[in-house]
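[1] what follows is a predicted structure for the sequence shown.
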Amino acid sequence: MKFIDEYRNKNLILKLAAQIRKSVKRDYTFMEVCGGHTSAIHRFGIPSLLPECIRLISGPGCPVCVTGTGFIDKAIYYSAIPEVILTTFGDLMRVPGSATTLEKMKARGADIRIVLSSLESLAIAWDRPDKKVIFLSIGFETTAPGTAVTVKQAEKQRITNFFLLNAHKVMPPAMEAIMKDNVNIDGFICPGHVATITGPGAFSLIPEKYRTGCVITGFEPTDILMSILMLIRQVNQNSPAVEVQYSRAVTVNGNSAALKYVYEVFEPCDSVWRGLGTIPLSGLKLRSDFERYDAEKVMPVSLPEPEDNELCACGEVLRGVKTPSECPLFASVCIPGNPVGACMVSAEGACNTWYRYRMNNE
Amino acid sequence: MNELVTLSQGSGGKQTHELIRKVFAERFAMDMPLTDSAILDCTCNTMAFTTDSYVVDPLFFPGGNIGKLAVCGTINDLAVSGAQPLYLSASFIIEEGFALCDLEKIAGTMADEAQKAGVKIVTGDTKVVEKGKCDKLFITTSGTGIMIDGRQHISKGTEVKPGDRLIINGSLGNHAIAVLGARNRLSFSTPVVSDCASLNRLTEKILMNCSDIRFMRDLTRGGLAGVLNELADMTRSGIIVNESSIPVDDPVRGLCEMLGFDPLYLANEGKVLIVAGPGEATKVIGILRSDDLGRESEIIGEITDDKRKTVILSTSAGGKRILDTPSGVQLPRIC
């Protein structure tokens, strides 16, 4: 398949792996920030191609995983209101809230619908003017433009029964929070798709302030191996910088049209991340002009503090402090069929990925 | 105006008999008058018996409809057990207001498909429920077939040994993607057509001509990954499969890349995994490739003596990883 097979060329992959083996001079710990990378690394069996001195740890870049229990509790609260139709990306259905999950609420009769895009939610709102349609908008710089366009469409089409329960986040502040946490990281495999929107400049703080390299990376095996090689060279030469490996998609200024939509509709705000707590200016909230689409403004809700399972190590996993197998619940109580923490739910979650592809991690 | 199915057609009275006679009995060439049981001649010692329910949404999709699925699916369950399918039952739960012409179309497909496979639909049932109490139409089919001596091991995998070869009869994931595409939830159309087909003539050809077939299973829900894990578990052996030898059509691959699906987990309705002794794999491939339902057949891996009962995928990138049992819902109501 064009534009895929070239990047999965086995000969090229084996050559890159050989070059990596030749270049290593010490132990290296690299964090893949994005859940898409975690999934790709294990799907293609990349760890089995790397020398033992390279340790890859997963970061806070799975949108489902970093969404706090408090958000799920609110979604569950709204789903119980008879005139509400809740729309969501599928992965959120099984994330445990304090007491139950959206999947269980649906089984009890709540009208919860899985959608593939925010525009699909808007179409439901158009079809059902008798209902309030609340879309669970989560995700990073990659999904926020879609939500922004949907809100603008709702305004244009004068749809008044469409709302967001919003927890959009932006990535660089979370990476900085991890560096402040004194986690031992030699370099970041940076999210390629986020950078297509933001441009590489969004990550420049990391090498400048924390002397840690960043390589913006695509999602195919040659991309990932190439980036690992670039990070090794940065470490060996002590020259941390933001480099773009994913140059076929990432441009210097990012996607200015998408950014324009995002910042027309949203503005930065503090945001709660599972495992990382509240990070200043790491979220996006609706600007006052668009507050009428904010479910929490229109239908305010006040719930008790969320309760997480105390043994669940999702927080440490998301900070790169623990690997999934170091969590006492991993693969015993917490399995994909019965997830205790969010990292076991999403196909991009570190625990879920480790469980499914665990071969090199046991 | 379109004629619709009404509650009175499910009441057991005159209208019910009329519906059954006109829509089903004539198409299925059932013996008249209809009796409470079909009385069947049987000359064998051992029989295979299976049942399955079909709730696919939407009812019509590229390459088939719920009726075709209901006939092929049950025939295939018998065929991959090594049985020769003979008779089917078909029960219909119909939502009030369902278009009669659609019901006729579906019954027509079932009759055609059964005839093609050499199987008779001999008994059935019809219920009509109030609007909203079922989603349009659900079908349950059961099937029986003759079990030929010496084939009892085929469904159990008791003869599977390390070194045996794994063979599939073509590309994976087409059914799941065709149904997903037909749901109108994708903002683009796909050229993908379901692979829904009766496999009994193909499996019979294999079993008649080969003496070293160790296991067969159709690759429906859970896909190849699901069946391989079941096989590893039941035979207490390891499995290694080679990703680059597993055929997947480009449009399916493309959609899987976009939507985050893995074709190895997607449902098929006309695909079978065959485990054959190492000396017979080439012969099996030859027979499969000479048939329309097996043109793209490939040897995809082999049984190993790994006691951990794990399925290892040798990735196209040159790495290795576990291919785990599917968990959760990939795509609901696919069959």
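    That came through fine. Numbering: from 1, shown residues only, chains lettered A, B, ... in the order given.
[2] what sits against whichever residue of the stretch 101-250 of chain A sits closest to chain B?
    Of all residues in the stretch 101-250 of chain A, A:Pro221 sits closest to chain B, at 4.0 Å by Cβ to the nearest Cβ. C-beta coordinates here come from the backbone N, C-alpha and C atoms, glycine included. Contacts for A:Pro221 were tallied using Cβ atoms under 8 Å, 6 or more residues apart in numbering or on different chains; they are A:Tyr7, A:Arg8, A:Ile13, A:Ala40, A:Phe44, A:Ile46, B:Ala317, B:Gly319.
[3] can you tell me which of those lies closest to A:Cys269?
    Distances from A:Cys269 to these, taken as Cβ to Cβ, are shortest for A:Ala40 (30.8 Å).
[4] hang on, the closest one packs against A:Ile224?
    Yes. Shown here, A:Ala40 and A:Ile224 form a contact pair, counting by Cβ atoms under 8 Å, at 6.4 Å.
[5] which one's more surrounded, these two?
    A:Ile224 (29 against 22; other Cβ atoms under 10 Å in any protein chain shown).
[6] I'd guessed the more buried one sits against A:Ile46; true?
    Yes. The pair A:Ile224 / A:Ile46 is scored as a contact, 5.8 Å apart, by Cβ under 8 Å.
[7] quick one: common contacting residues for those two?
    Listed contacts common to A:Ile224 and A:Ile46 are A:Ala40; contacts here mean Cβ under 8 Å, 6+ apart.
[8] report the distance from stretch A:252-260 to the chain centre.
    Its chain's C-alpha centre and that of stretch A:252-260 lie 20 Å apart, by Cα atoms, centre = their mean, to the nearest Å.
[9] give the buried residues for it.
    In terms of neighbour count (16 or more other Cβ atoms under 10 Å in any protein chain shown), stretch A:252-260 has its buried residues at A:Gly254, A:Asn255, A:Ala258, A:Leu259.
[10] the closest residue to chain A within the stretch 101-250 of chain B - how many residues pack around it?
    Among the residues of the stretch 101-250 of chain B, B:Asp250 lies closest to chain A, at 5.2 Å counting by Cβ to the nearest Cβ. By other Cβ under 10 Å, 14 other residues sit near B:Asp250.
[11] repeat for A:Lys15
    13.
[12] outline the domain layout of chain B.
    Using automatic domain parsing, the domains assigned to chain B come out as B:7-147, B:165-322.
[13] check chain A too.
    The record's domain split for chain A, according to automatic domain parsing, is A:1-310, A:314-361.
[14] export those domains to TSV and tack on mean pLDDT?
    Formatted as TSV, the domains of chain A follow (pLDDT from 0 to 100):
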stretch	mean pLDDT
domain A:1-310	94
domain A:314-361	83
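[15] now distance to B:Arg21 too, for these, in a markdown table please.
    Formatted as a markdown table, the domains of chain A follow (distance: least, Cβ to Cβ, whole Å):
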| stretch | distance to B:Arg21 |
| --- | --- |
| domain A:1-310 | 39 |
| domain A:314-361 | 47 |
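[16] tell me, how many residues neighbour A:Pro82?
    A:Pro82, neighbours per other Cβ under 10 Å, totals 8.
[17] burial measure for residue 291, as a count.
    In the absence of a named chain, chain A is used. By other Cβ under 10 Å, 12 other residues sit near A:Glu291.
[18] the intended chain is chain B.
    Neighbours of B:Asp291 using other Cβ under 10 Å come to 15.
[19] tell me the spatial nearest neighbour of it, not counting adjacent residues.
    Computed as Cβ to Cβ, 6 or more residues apart in numbering or on different chains, the closest residue to B:Asp291 that is not its neighbour in sequence is B:Leu202, at 5.4 Å.
[20] which residues are in contact with the nearest residue to B:Met234 once chain neighbours are set aside?
    Excluding the flanking residues, the one nearest B:Met234 by Cβ to Cβ, 6+ apart is B:Gly157, at 5.2 Å. Taking Cβ under 8 Å, 6+ apart, we find B:Gly157 in contact with B:Arg214, B:Phe215, B:Leu231, B:Met234, B:Thr235, B:Val275.
[21] surely the first one is in a helix?
    To tie it back to what came earlier, the one meant is B:Arg214. No. In this structure, B:Arg214 is strand, not part of a helix, as judged by DSSP: H, G, I helix; E, B strand; the rest coil.
[22] my guess is it meets B:Gly163, correct?
    No. Using Cβ under 8 Å, B:Arg214 makes no contact with B:Gly163, being 10.6 Å away.
[23] those two: who's more crowded?
    The neighbour count for B:Arg214 versus B:Gly163, taken as other Cβ under 10 Å, is higher for B:Arg214 (21 against 12).
[24] pLDDT score for the more buried one?
    At B:Arg214, the predicted lDDT confidence score is 98.
[25] and it, how far from B:Asn229?
    17 Å (Cβ to Cβ, to the nearest Å).
[26] put the alpha carbons of the longest helix along chain B into CSV.
    The longest helix of chain B (DSSP state H) is helix B:100-117. This file holds the C-alpha atoms of helix B:100-117, laid out as CSV (Å, rounded to 0.1, in the frame of the first residue of the first chain):
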residue,chain,number,x,y,z
LEU,B,100,-42.6,-7.6,3.3
CYS,B,101,-40.5,-7.2,0.1
ASP,B,102,-37.3,-7.1,2.1
LEU,B,103,-38.4,-10.3,4.0
GLU,B,104,-39.1,-11.9,0.6
LYS,B,105,-35.7,-10.8,-0.7
ILE,B,106,-33.9,-12.2,2.4
ALA,B,107,-35.9,-15.5,2.1
GLY,B,108,-35.0,-15.7,-1.6
THR,B,109,-31.3,-15.3,-0.8
MET,B,110,-31.5,-18.0,1.8
ALA,B,111,-33.2,-20.4,-0.6
ASP,B,112,-30.6,-19.7,-3.3
GLU,B,113,-27.6,-20.1,-1.0
ALA,B,114,-29.0,-23.3,0.5
GLN,B,115,-29.5,-24.7,-2.9
LYS,B,116,-26.0,-23.8,-4.0
ALA,B,117,-24.6,-25.5,-1.0
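[27] off-centre distance for it?
    Chain-centre distance of helix B:100-117: 17 Å, with Cα atoms, centre = their mean.
[28] give the buried residues for it.
    B:Leu100, B:Asp102, B:Leu103, B:Ile106, B:Ala107, B:Thr109, B:Met110, B:Ala111, B:Glu113, B:Ala114, B:Ala117.
[29] any idea which helix or strand comes after that helix?
    For helix B:100-117, the succeeding helix or strand toward the C-terminus, using DSSP states H and E, is strand B:120-129.
[30] could you point out which element follows that next one?
    Beyond strand B:120-129 toward the C-terminal end (DSSP H and E), the next one is strand B:137-147.
[31] show me what the helix or strand encompassing A:Thr38 is packed up against.
    If you go by DSSP H and E, A:Thr38 is part of helix A:35-43. Secondary-structure packing of helix A:35-43 (3 or more Cβ pairs under 8 Å, 6 or more residues apart in numbering or on different chains; DSSP states H and E): strand A:54-61, helix A:63-66, strand A:187-191, helix A:221-236, helix A:350-356.
[32] figure out which of these is closest to A:Val133.
    Closest approach to A:Val133 among these (Cβ to Cβ): helix A:63-66, 20.6 Å.
[33] neighbouring contacts of that closest one?
    Outside helix A:63-66, the residues that reach it (Cβ under 8 Å, 6+ apart) are A:35, A:60, A:89, A:91-92, A:95, A:138-140, A:143, A:169, A:174, A:273-276, A:314, A:318, A:341-343, A:345-346, A:348-350.
[34] which of those fall in strands?
    In strands, judged by DSSP state E, the following of the contacts of helix A:63-66 are found: A:Pro60, A:Trp273.
[35] mind listing the strands for the stretch 201-335 of chain B?
    Under the criterion DSSP state E, counting those that start in this stretch, strands of the stretch 201-335 of chain B are mapped to B:213-218, B:238-242, B:272-276, B:298-304, B:311-314, B:320-322.
[36] is any residue of the last one near chain A?
    Yes. Under the criterion of Cβ under 8 Å from any Cβ of the partner chain, strand B:320-322 makes contact with chain A via B:Lys320, B:Arg321, B:Ile322.
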